[in-house]
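Chemist: Structure, please.
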Amino acid sequence: MVDHSIPKLFVLDTNVLLHDPTSLFQFQEHDVFLPMMTIEELDHNKKGMTEVARNARQVSRFLDEIITRAGKTDISLGISLARAQNPGPSGTLFLQTLKKSPPTALLAEEKPDNQILAVALELQRSQPQRPVILVSKDINMRIKARALGVDAEDYFNDKVLEDTDLLYTGVRELPEDFWETHGKGMQSWQEQGRTLYKVEGPLVPGFFLNEFVYQEQGEKPFYARVKERIGSSAVLEILRDYTSQRNNTWGIVAANREQNFALNLLMNPDLDFITLLGQAG
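Modeler: A predicted model of the protein is given here:
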């Protein structure tokens, strides 16, 4: 009977490490197991100047550092991934030190993937109380694992957070009374064909540079970018309306508010680095 209250044991396929060398440290309190075939495949992929080769060498450096730090610890008992000076993983790294049991008749033993699968099967058999999960970027590997009764997952840690509500949006809706509370002493001027406003008030210290602020109540909506902020005062730059055909960019017009914000960033030569999150189209 699997006890879900104890740390999970994640068996890593080689492609996970080649995809993200830091994956060793991404499983929090859970434990990580590296089959010997995974380490062999790292060695086979380490030569060259490709991204895969660089990642393989980086994983080897990480492993060397972990083992060196462990000193005379018996590797078969596992090596702690925790670092006293660094918050991060608190689990244990296990390297395969024993010969696996013979693979099931369904698996061809000479294939590296099948040898890794056989290790996961043996771990599941020898530790029935513990959740054993194979982590692989190979969809067929995951299918085979599940067919054999082993839980399998893709590796997602390097991807954008799935809960996008936790991410900084870059957008702020202004309250209805914004101009009443921030319009006293407001300054307005033109600069390089753009209208700018300098405002001051209690909300301004929470503004971020290049954050978009908007207000859609009333007859005319207000869309601006925070161009400058010093203390409780900020300079807001009115956006160019890329939803209008007259401002089209090589025939492209924004279909909604967020696309208009994006085009205002992308067409601004003063911004060197921009990140966007959203569904294509």
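
Chemist: helices and strands around whichever strand or helix holds I66, which ones?
Modeler: Using DSSP states H and E, I66 sits within helix 51-70. Counting contacts by 3 or more Cβ pairs under 8 Å, 6 or more residues apart in numbering; DSSP states H and E, helix 51-70 packs against helix 14-19, helix 36-44, strand 79-80. For the C-beta atoms, the positions are set from N, CA and C on the backbone; glycine is no exception.

Chemist: from these, which stretch is densest packed?
Modeler: helix 14-19 (a mean of 23; mean count of other Cβ atoms under 10 Å).

Chemist: Check which helices and strands that helix sits against.
Modeler: helix 36-44, helix 51-70.

Chemist: Output the contacting helices and strands for the first one.
Modeler: With contacts defined as 3+ Cβ pairs under 8 Å, 6+ apart, the packing partners of helix 36-44 are helix 14-19, helix 51-70, helix 112-126.

Chemist: Need the winner for burial among these.
Modeler: Using mean count of other Cβ under 10 Å, helix 14-19 ranks as the most buried of the helices and strands packed on helix 36-44, with a mean of 23.

Chemist: can I see the domain layout of this structure?
Modeler: 9-153, 165-266 (automatic domain parsing).

Chemist: Return the most buried member of the ones you listed.
Modeler: domain 9-153 (a mean of 17).

Chemist: how much space is there between V52 and T38?
Modeler: As judged by Cβ to Cβ, to the nearest Å, V52 and T38 stand 14 Å apart.

Chemist: which stretch among the helices and strands packed on helix 51-70 comes nearest L239?
Modeler: helix 14-19 (38.4 Å; Cβ to Cβ).

Chemist: Pull out the CA atoms of that closest one and give them to me as CSV.
Modeler: Presented in CSV, the C-alpha positions along helix 14-19 are these (Å, rounded to 0.1, in the frame of the first residue of the first chain):
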residue,chain,number,x,y,z
THR,A,14,18.5,11.2,-19.1
ASN,A,15,16.5,13.6,-21.3
VAL,A,16,15.3,15.5,-18.2
LEU,A,17,18.9,16.2,-17.1
LEU,A,18,19.9,17.1,-20.7
HIS,A,19,16.9,19.4,-20.9
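
Chemist: Residues in contact with the helix or strand just after that helix: which ones?
Modeler: For helix 14-19, the following helix or strand on the C-terminal side (DSSP H and E) is strand 31-34. With Cβ atoms under 8 Å, 6 or more residues apart in numbering as the test, strand 31-34 has contacts from 7-12, 24, 63, 78, 81, 91-96, 119, 123.

Chemist: For R194, find the nearest of the helices and strands packed on helix 36-44.
Modeler: Between the helices and strands packed on helix 36-44, helix 51-70 lies closest to R194; by Cβ to Cβ that is 41.1 Å.
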